[in-house]
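Novice: Turn this into a structure:
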Amino acid sequence: MVRMCRQPGKGPGGFYGPSFKNGAKLNLWMMSLGKNWDPTLRSYGPTRPFDGAPAPTIPDAFKMIAQTANSTASEFPQIDPDICIVNYYTNSGKLGLHQDKDESKSSINQGLPFISISIGDTAEFMFGDTRDKGKATKIDLESGDVLILGGGSRLLFHGISHVKTNTTPTWLKEATAFVPDASILRLGGTS
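Specialist: Okay, here's the model as predicted:
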């Protein structure tokens, strides 16, 4: 997965530092695969508005991993992922509590899940019914963890409070020359 993100991450449509409509920068690097997510318009499209770059293709291996993970959660509808957002968090990276609700109304109403795969350093993941960090439940997502939010949990508020540095498994660093920061792949569907 690290290798499959590395090449497109350096090319057109690769990693960039996104910001919202009000100019606030997200504290991470992001790359969209399949379709581009525009944080200013809060919608998906074929190209990024700021540079016209098309979204790189989602590797078939990512789709297969998402479908396999999704099949283990039989209470969620099955998906054929057409979007993948790769969030790369540096040691100071974080992402505030938010809901993923920019997909189609049909997708959200069906409770279609999104599948999150963690790679690298451990990240403290927060989730809850409100945007209040003080009321959020916090769990560690370690390298290799898969998280599925679908059905009734589909619109939970969630985010990353911080990255726990120097927690990338040694074998991963050695096998990939991985820079020890956290990455999270989020796969889902827009339709």
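Novice: which residue ranges form the strands in the protein?
Specialist: All strands of the chain, identified by DSSP state E, fall at 29-33, 36-38, 43-45, 83-89, 95-98, 114-120, 122-128, 137-141, 146-149, 157-164, 182-188.
Novice: other SSEs contacting the fifth one?
Specialist: So that's strand 95-98. Contact partners of strand 95-98 among helices and strands, from 3 or more Cβ pairs under 8 Å, 6 or more residues apart in numbering; DSSP states H and E: strand 122-128, strand 157-164. Yep, even glycine has a C-beta here, placed from its N, CA and C like the rest.
Novice: list the buried ones in it?
Specialist: Buried residues in strand 95-98, defined by neighbour count with 16 or more other Cβ atoms under 10 Å: 95, 97.
Novice: So in that sheet, which strands flank it, and in what orientation?
Specialist: Using DSSP bridges, the strands paired with strand 95-98 in its sheet are strand 157-164 (antiparallel).
Novice: So which residues make contact with the partner strand?
Specialist: Here strand 157-164 makes contact (Cβ atoms under 8 Å, 6 or more residues apart in numbering) with 28, 87, 89-100, 121-131, 133, 136, 138, 140, 149, 181-182, 184.
Novice: can you rerun that using 6 Å?
Specialist: 89, 91, 93-97, 99, 121-124, 126-128, 131, 182 (Cβ atoms under 6 Å, 6 or more residues apart in numbering).
Novice: any idea of the mean pLDDT for the longest helix that the chain contains?
Specialist: For the chain, the longest helix by residue count, based on DSSP state H, is helix 60-72. Across helix 60-72, pLDDT averages out at 91.
Novice: And it, what does it pack against?
Specialist: Contacts defined by 3 or more Cβ pairs under 6 Å, 6 or more residues apart in numbering; DSSP states H and E place helix 60-72 against no helix or strand at all.
Novice: distance between it and the chain's centre?
Specialist: Once both centres are worked out by Cα atoms, centre = their mean, to the nearest Å, helix 60-72 turns out to sit 15 Å from its chain's centre.
Novice: Show which residues not belonging to that helix make contact with it.
Specialist: Residues outside helix 60-72 that contact it (Cβ under 6 Å, 6+ apart): 78-79, 81, 84, 115, 146, 187.
Novice: Much appreciated, bye for now.
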